[in-house]
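Enquirer: need coordinates for the following:
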Amino acid sequence: MRSLSISGISGFSLAVAAAILTTAVFSATAGAPTYQPIPAAGNHNESLEVGAGASKTARTFVVHVPPGFDGKSKLPVVIMLHGAGGSGADAIAQTGWGAKSDREGFIAVFPDGTPPRAALAAQFLTNPRLWNDGSGRGAIGVEKVDDLGFISAMIDYLEARYAADPARIYCTGFSNGASMTFSVGLNLSNRIAAIAPVSGHLWYREKQLTYPVPLLFIIGAKDPLNPIDGGKVKTPWGITQDRPPVEDSLKEWERMLGCGPEVQTARGNGVLEITYDRCVKGGEVQYYRVRGLGHVWPGGLNQLPEKWVGKPSDNLNATDVIWEFFKTHPRTQAPATPTLR
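Expert: Below is the predicted model:
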């Protein structure tokens, strides 16, 4: 059984905590009741211990709280999973989800993956943070890091501490984080309202969703690390890998939702949009392909050399498009028929 403990909330001085005790959130424990101050707007560094015995590990994440948070009103949550070698803090700068949270009034969360040599400091080329995305690639797959357990425990904490709305928990991610987003949507479909991976793969096959999770997928037409048609790629770590066609992941999700062959197609500003919205089991699949875009968050900050990842593009702002998709897809119960298993 997984054990879980919470470290202290950062970002509050004793003076501030004392000043706002009168508006603090009440939380009951097995002993005497305790009071926790309402988290202020901005970033909060958080930590959970996940696992038991020798496998217990401390996992970290940043929670961005929008202005006006009162600790009572249920708010949507967007979980943003960074790419291989990145961090939650990197993803804040890369994607603009923190600023979007402030404008739209949701909570944005930026977890950290685990480096293969967990006892050493993470570093992009020599000890990159990674997600155990179901592919079994590299040391992170061999070690069986329980990232699904971490994400699930983090959701528990967000619901208890930050008034996260259980019906509006969303997940997005980039690259390795996009593949982890597919895994979260599949394996935690009873908790996730919708997902939006950007340039990644679903590495699972012949599975079924417990709930019909809608999918929005974005890819660059010139992505050198996840080419649309698949093939051999050379990673920034000098490793040559085979990548499947992007369509394989989309077809698998369409199959799990029971989507028919009918599609809606739109083109404009160098973006192709394809929508499968006639899915008998619920949900839908939206697919965006951005002309000229490499392995970069669309409309975001490119943090790596173009010789590795290709060119950026502002033809589409992924953060804006994904939020518009998320806010129209709260979690719903699976239809009575046909049954999803």
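Enquirer: all the helices of the stretch 201-341 of the chain, in order from the start?
Expert: Ranges of helices in the stretch 201-341 of the chain, per DSSP state H, counting those that start in this stretch, are 246-257, 306-309, 318-326.
Enquirer: in the first one, what counts as buried?
Expert: Using 16 or more other C-beta atoms under 10 Å as the test for burial, helix 246-257 gives 246, 249-250, 252-254, 256-257. For glycine as for every other residue, the C-beta is placed from the backbone atoms N, C-alpha and C.
Enquirer: next up, the contacts around the residue lying closest to A89 once chain neighbours are set aside.
Expert: Of all residues not flanking A89 in the chain, V62 sits nearest, at 6.3 Å (C-beta to C-beta, 6 or more residues apart in numbering). Counting by C-beta atoms under 8 Å, 6 or more residues apart in numbering, V62 touches 43-46, 88-89, 92, 109-110.
Enquirer: please list the members of those that lie in helices.
Expert: Taking DSSP state H, the ones among the contacts of V62 that sit in helices are 88-89, 92.
Enquirer: whichever of the residues you listed end up buried, select them in PyMOL.
Expert: Buried residues among the ones in helices among the contacts of V62 (16+ other C-beta under 10 Å), as a PyMOL selection:
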select buried, resi 88+92
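Enquirer: out of the ones in helices among the contacts of V62, flag the one nearest to A178.
Expert: Distance to A178 across the ones in helices among the contacts of V62 (C-beta to C-beta) is lowest for G88, with 15.2 Å.
Enquirer: just the pLDDT for the nearest residue to P244 once chain neighbours are set aside.
Expert: Of all residues not flanking P244 in the chain, G230 sits nearest, at 4.9 Å (C-beta to C-beta, 6+ apart). For G230, the pLDDT comes out at 96.
Enquirer: tell me the contacts of G230?
Expert: By C-beta under 8 Å, 6+ apart, the contact list for G230 reads 242-246, 248.
Enquirer: of those residues, closest to Y204?
Expert: Nearest to Y204, judged by C-beta to C-beta, of these is D248 at 11.2 Å.
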